[in-house]
Each structure stands twice: as structure tokens, then as C-alpha cells.
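Asker: okay, structure incoming, though there's no sequence with it:
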């Protein structure tokens, strides 16, 4: 009788072990699915971030190419000026706008017209000769001339006349050696 009871208890114990093992296996499969789902979601998020970053990079390269073409400056030169501008506290759009205004004002002054005519004369720069230079060379010559201006208020005024209302920020680029 005791043997029969022991066998029954052993069988019940075996059934419970099998049931517990089946439950653990089922839970493991569920956790694995959740883990795979988490990995898949993480992977999808990483791919979306990579796609967004790639799209942004292509947009920036496209903008650089279009702006450099409009200004008549090599893209690598404009990229270097943008970096120098950012280091001096200018945004890319501010630098691009300032460069466009400078190119326009130098060109106008070369035919005796425009807002930059007086500023270039005051700096002792020949607008006709300046207009024949590439934009980055025009900037370099203007920056060198501005370095020779004694009063900061005059530098700001002249920079504003040549680069527009945000032009005063261009004087910060001189401090970083862009005019040298």
C-alpha cells in the first residue's frame, strides 16, 4: 500500500515537473519573442535615425553646392568659411547671406554704384580689382583692410555696409584669423 502511494506521489510529482517545465518553456519562448521584437524595434529605430541623418547630410551637401555655385566659390572653400563662421558665432545662413551681400556690393561698387562703394573707398580698396577676385579672396582683402581700422565702432559700421545688418558679426571671424 505504501509502495502504491509512493508510486502515485512520484507520478504526480513527475506530472507537476512536466507541467512546470512546459510553463517555463512557454515563458522562455514568449521572452525570446519579446526580445526579438525589442531587437527588431531597436534596429528599426536605428535605421530610421540613420536614414534621417543621411537625408540631412544630402540636404546640406546640396545646399553647399547650390550656394557655392551662386557665389562662384569652390564648395570646399565655402565649407571652410562656414566652419570659420560657426566658430565665430555665425550660423551657416548668416555667413551665406553676408557673403552674397558682399559679392553684390563689391560688384556694384566696381561700376560706381551701391552701398559698398563708400566703405571700400574708406578701406582703401579698389572695387574694380576686388571684383576680379574670387569671393573668398574678396573676403580676405576686406578682412585685412578692416583689421587696419583703429576704432571698433568704425569696423562695425564698415562691416555692416559691406555685409549687411548681420555684417558686424563678420568681424568676429577676424579674431580667428580668417582675414590673415
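Answerer: Everything's here; your move. For clarity, every value in this text was computed on a predicted model and none was experimentally measured.
Asker: make it CA atoms for all contacts and neighbour counts henceforth
Answerer: Will do.
Asker: and the most centrally placed residue in the chain, what are its phi and psi?
Answerer: Nearest residue to the geometric centre of the chain (Cα atoms, centre = their mean): residue 60, 7.4 Å. Dihedral pair for residue 60: phi -70, psi -40, per degrees, to the nearest 10.
Asker: against residue 136, how distant is it?
Answerer: 20 Å (Cα to Cα, to the nearest Å).
Asker: one step back: ok, the residue nearest to the centre of the chain to residue 118 distance?
Answerer: 36 Å.
Asker: number of nearby residues for the closest residue to residue 124 other than its chain neighbours?
Answerer: In space, and not counting its chain neighbours, residue 124 is closest to residue 145: 7.6 Å by Cα to Cα, 6 or more residues apart in numbering. Per other Cα atoms under 10 Å, the neighbour tally for residue 145 reads 17.
Asker: try the one 3 residues further on
Answerer: With neighbours defined by other Cα under 10 Å, the count for residue 148 comes to 10.
Asker: next up, phi/psi of it, please.
Answerer: Torsion angles, degrees, to the nearest 10, at residue 148: phi -80, psi 0.
Asker: would you map the helices across the chain?
Answerer: Counting by DSSP state H, one finds helices in the chain at the ranges 2-71, 75-87, 92-110, 116-122, 127-131, 135-147, 152-163, 171-175.
Asker: possible to save those as JSON lines with mean pLDDT?
Answerer: JSON lines is the format used below for the helices of the chain (pLDDT from 0 to 100):
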{"stretch": "helix 2-71", "mean pLDDT": "71"}
{"stretch": "helix 75-87", "mean pLDDT": "91"}
{"stretch": "helix 92-110", "mean pLDDT": "95"}
{"stretch": "helix 116-122", "mean pLDDT": "96"}
{"stretch": "helix 127-131", "mean pLDDT": "98"}
{"stretch": "helix 135-147", "mean pLDDT": "95"}
{"stretch": "helix 152-163", "mean pLDDT": "94"}
{"stretch": "helix 171-175", "mean pLDDT": "77"}
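Asker: how long is stretch 105-119 from one end to the other?
Answerer: End-to-end distance of stretch 105-119 (Cα to Cα): 10 Å.
Asker: report the separation between the residue nearest to the centre of the chain and residue 75.
Answerer: With Cα to Cα as the criterion, residue 60 and residue 75 are 12 Å apart.
Asker: kindly report the same for residue 153.
Answerer: 33 Å.
Asker: can you check residue 81 too?
Answerer: 10 Å.
Asker: thought residue 105 was touching residue 130, still the case?
Answerer: No. Between residue 130 and residue 105 there is no contact under Cα atoms under 8 Å: 10.8 Å.
Asker: nothing else from me, thank you.
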